[in-house]
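S.K.: whatever this is, show me its structure:
(one chain, ligands or ions: 1)
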Amino acid sequence: MPVIPVYLQKQAPPTSRPDEAPRATTVPIKHKHHFALPTLRLQLHNLQHEGSTIFLSNIKGNEDISTQVQNVLNGLYTPDSPRPGTRSITFILREYSGLAYTTGIELDRDHKEIHLNIDYFTRLPEPRAEILGVICHELVHCFQWDAEGTCPGGLIEGIADWVRLRAGLAAKHWKQEAGGKWDQGYQHTGYFLDYLERRFGDGTVRRINGGLREGRYDEENLFASCCGGKTVDELWSDYEAALNKDSDADLPTRTGDVVVVPTDTLPKHADT
Ligand SMILES: [Zn+2]
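M.R.: Model prediction:
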């Protein structure tokens, strides 16, 4: 059965280095509600691979995945808010040229697959935190709204890394920096969303995600309704000014050369 890639990225991220700690403090996601879990499955394509052993010895299937699902659902939803009807998630551990990606099955989008590259696991100095972080990011793609497929990838990826940030799983190579565009995605946009969450209150990112439930992406209305009537460009300018002003945090600001590190990396044609 064919599968449809959800989000395309090509660049492989660098591995984390222990001396590069994330700069921003994180506010943990509260597990206010215990959401029902989808069916969770695992396919191991090469049990003899070192990466399979690293995964199995670092990740507790009956606890860790559930915790990350609760992080995602508590981060993006209340018990009463409508959410996608994801019924199953299959983790597929195999060798390919990328890092991770999430797909839906063509005939039924309620069944998701998260593909993880076991080669990547062998290159990680701190595999547990990094693998959990990648799993958290990919799980967001299993549950977030996307304006019926019209939401820009940068915002989709930013929401995924915002949840990862709030889950306490920021990668050590992440840096909070201004410059560039707000929607360059991943941690770059994720930190911006965290600024909006702090400025406009708990639930701001949840409301942004909720605003992507129906209809085509409408940037002006989306941010005006969730963030005090402002445009996203005004908000981005405010964010840059706040970072520049916050000398105690020693946050670098640059223009035009922001490094955005992606999580999702699809296979090349040769290794699908
Ligand atoms: Zn992603």
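S.K.: pick out the residue closest to the middle of this structure.
M.R.: Centroid check for the chain by Cα atoms, centre = their mean gives Ala160 as the closest residue, at 2.2 Å.
S.K.: is it true that Asn74 touches Lys30?
M.R.: Yes. With contact defined as Cβ atoms under 8 Å, Asn74 reaches Lys30; the gap is 6.6 Å. To be clear about C-beta, it is placed using only N, CA and C from the backbone, and glycine gets the same treatment.
S.K.: and the two? Which one has more around it.
M.R.: Asn74 (21 against 11; other Cβ atoms under 10 Å).
S.K.: buried sites along the helix or strand harbouring that one?
M.R.: Take DSSP states H and E as the rule and Asn74 turns out to sit in helix 64-76. Burial within helix 64-76, assessed by neighbour count using 16 or more other Cβ atoms under 10 Å, is assigned to 64-65, 68-76.
S.K.: repeat for stretch 28-43
M.R.: 29, 35, 38.
S.K.: for this protein, which residues are neighbours of the ion?
M.R.: For the chain, the contact set with the ion under Cβ under 5 Å from the ion comprises 157, 160, 264.
S.K.: the first one belongs to a helix, doesn't it?
M.R.: Put plainly, it is Glu157. Yes. Assessed by DSSP: H, G, I helix; E, B strand; the rest coil, Glu157 belongs to a helix.
S.K.: wait, it sits on Leu193?
M.R.: No. Counting by Cβ under 8 Å, Glu157 does not reach Leu193; the two are 10.7 Å apart.
S.K.: check whichever residue of the chain sits closest to the ion and give its pLDDT.
M.R.: Closest to the ion within the chain is Asp264: 3.9 Å, counting by Cβ to the ion. On pLDDT, Asp264 comes in at 82.
S.K.: any idea how far Val134 is from it?
M.R.: To Val134, Asp264 is 9 Å away according to Cβ to Cβ, to the nearest Å.
S.K.: identify the contacts common to those two.
M.R.: 99-100 (Cβ atoms under 8 Å, 6 or more residues apart in numbering).
S.K.: what about those two, which has more around it?
M.R.: Shown here are Asp264 and Val134; by other Cβ under 10 Å, Asp264 has more neighbours (28 against 24).
S.K.: all strands of the stretch 151-272 of the chain, in order?
M.R.: Assigned by DSSP state E, counting those that start in this stretch, the stretch 151-272 of the chain shows no strands.
S.K.: pretty sure Glu113 is in a helix, no?
M.R.: No. According to three-state DSSP, Glu113 belongs to no helix; its state is strand.
S.K.: where does the stretch 151-272 of the chain dip in pLDDT?
M.R.: Residue ranges of the stretch 151-272 of the chain with pLDDT under 70: 247-257, 269-272.
S.K.: tell me where it has helices.
M.R.: 153-166, 186-200, 204-210, 219-226, 232-245 (DSSP state H, counting those that start in this stretch).
S.K.: next: the stretch 1-150 of the chain.
M.R.: According to DSSP H, counting those that start in this stretch, the helices that the stretch 1-150 of the chain contains are 50-58, 64-76, 118-121, 127-143.
S.K.: okay, the helices of the stretch 151-272 of the chain, which one's buried deepest?
M.R.: helix 153-166 (a mean of 26; mean count of other Cβ atoms under 10 Å).
S.K.: tell me how far that helix lies from the chain's centre.
M.R.: 4 Å (Cα atoms, centre = their mean, to the nearest Å).
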